[in-house]
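K.L.:
sequence unknown, structure follows:
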């Protein structure tokens, strides 16, 4: 396999899980780290610190979502482990 193809393939990520709270987020991080599965987490909150935007207290009462992305070859293993969190 060529170098460029390996580089491209290694960047393909799969959405493995969506956590709906900070507690579930930290539990998912622990599960993935304990099983040596590299991951990336993306925060999908609407909380903004944009300059000029007024602070709205109810923004922080809405649930924060976290998406967990893993390599495609680890996706089924990660999904299997993370479904036990619910």
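P.N.:
Everything's here; your move. Since this is a predicted model, take the numbers as computed values, not measurements.
K.L.:
What lies in contact with the helix or strand containing residue 70?
P.N.:
In this assignment (DSSP states H and E), residue 70 forms part of strand 66-71. For strand 66-71, contacts defined as CB atoms under 8 Å, 6 or more residues apart in numbering pick out 10, 12-19, 24-25, 28, 32, 37-44, 78, 82. For glycine as for every other residue, the C-beta is placed from the backbone atoms N, C-alpha and C.
K.L.:
One more pass at 6 Å, please.
P.N.:
Contacts to strand 66-71, defined as CB atoms under 6 Å, 6 or more residues apart in numbering, come from residues 13-19, 25, 28, 37, 39-43, 78.
K.L.:
Could I have the PyMOL command that selects the buried members from those residues?
P.N.:
Of these, the buried ones can be selected in PyMOL as follows, counting by 16 or more other CB atoms under 10 Å:
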select buried, resi 13+16+17+19+25+28+37+39+78
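K.L.:
now, the most widely separated pair of the contacts of strand 66-71?
P.N.:
37 and 43 (19.2 Å; CB to CB).
K.L.:
Could you check how many residues crowd around residue 81?
P.N.:
Neighbour count for residue 81, taken as other CB atoms under 10 Å: 18.
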